[in-house]
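Chemist: here's a sequence, model it:
(one chain, ligands or ions: 3)
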Amino acid sequence: MARKLNTSSLNKDRMPRHVAIIMDGNGRWAKKRFMPRTMGHRAGMASLKKVVRACDDMGIAILTVFAFSTENWKRPRDEVSYLMQLLTEFMRKELDELHQNNVRIQVLGDYNATPPECRIEIKRALEMTRDNTGLIFNIALNYGSRKEILDAAKTLAAKVTAGEIKVEEVTEEIFSGLLYTKGMPDPDLLIRSSGEMRISNFMLWQIAYTEIVVTDTLWPDFTEDDLVQAVVEYQHRDRKFGGLNK
Ligand code: IPE
Ligand code: IPE
Ligand code: MG
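Modeler: Ligands and ions are numbered 1, 2, ... in the order given. The predicted structure is shown next:
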């Protein structure tokens, strides 16, 4: 059963609209327990379920999670296929509840490269939830920010060549509109679990002014309370966007 979220420390007037998470540390969590890495990934899925619910309960508009990067294909075949299986299972098992809660699922990244059974579940989830008006839940899957930016640049170059747009007319808004996150506000808060101080090719364009919170907690140990704590930390930040605050 989902437990009641303690949000008393939150300032309801300063909630982030868009929270992005680099869910890292599954392998280390398993290693500490002398378990195979795959068990870490399974435990990580349980954290994800809790965090999606908590974001919904907190009234966050958009949650984006980094589930699998374009670089993660370098991992051993067994680990990659286990991760794909887990994602398929997550979609299959969680879809009904997410749909009931009016959650809209979206995938950022080229999911055509995933195994057929995974693609089927993704398509089902996207179609079923497309008109939902609650939490937007973005799953970054086979996602790489450089690829995303490069694809946008290629699309734009083709439009220029075709005479559809002039080079001088290209604005940040037009460029943003060619990214997977088209139409969405940039993340206000980026959380990375397990202590790594790097971005690992995640949302390079979108996080220009995002507040970053890195927690030492390994992703499978990450709870609703860690999420609340990260949001509290965000709420104490002085966001300046290059200007001066009084
Ligand atoms: C994050 O955990 C999950 C994915 C990258 C898919 P890791 O598997 O990267 O865990 P560590 O970094 O090895 O602990
Ligand atoms: C980033 O984590 C990708 C995901 C969380 C899906 P990694 O574990 O792949 O990143 P690096 O290799 O430590 O930079
Ligand atoms: Mg990692």
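Chemist: can you tell me the element the residue of the chain found nearest ligand 2 falls in?
Modeler: Residue nearest to ligand 2 within the chain (Cβ to the nearest ligand atom): residue 200, separated by 3.6 Å. To be clear about C-beta, it is placed using only N, CA and C from the backbone, and glycine gets the same treatment. In this structure, residue 200 is located outside every helix and strand according to DSSP states H and E.
Chemist: CA atoms of stretch 191-207 as CSV?
Modeler: Extracted in CSV, the C-alpha atoms of stretch 191-207 (Å, rounded to 0.1, in the frame of the first residue of the first chain):
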residue,chain,number,x,y,z
ILE,A,191,18.1,15.2,-9.0
ARG,A,192,20.9,12.7,-9.4
SER,A,193,21.1,9.8,-6.9
SER,A,194,24.3,7.9,-5.8
GLY,A,195,26.6,10.9,-5.6
GLU,A,196,28.0,11.2,-9.1
MET,A,197,28.7,14.8,-10.0
ARG,A,198,28.1,14.6,-13.7
ILE,A,199,25.3,14.9,-16.2
SER,A,200,26.0,11.8,-18.4
ASN,A,201,24.5,13.3,-21.6
PHE,A,202,21.1,14.1,-20.0
MET,A,203,19.0,17.1,-21.2
LEU,A,204,22.1,19.3,-21.9
TRP,A,205,19.9,22.0,-23.6
GLN,A,206,17.1,21.9,-21.2
ILE,A,207,19.0,22.2,-17.9
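Chemist: can you list the buried residues in it?
Modeler: Buried residues in stretch 191-207, counted by 16 or more other Cβ atoms under 10 Å: 191-194, 201-203, 205-207.
Chemist: specify which member of those residues is nearest to ligand 1.
Modeler: residue 194 (5.9 Å).
Chemist: residues near residue 112, how many?
Modeler: The burial count assigned to residue 112 is 8, neighbours taken as other Cβ atoms under 10 Å.
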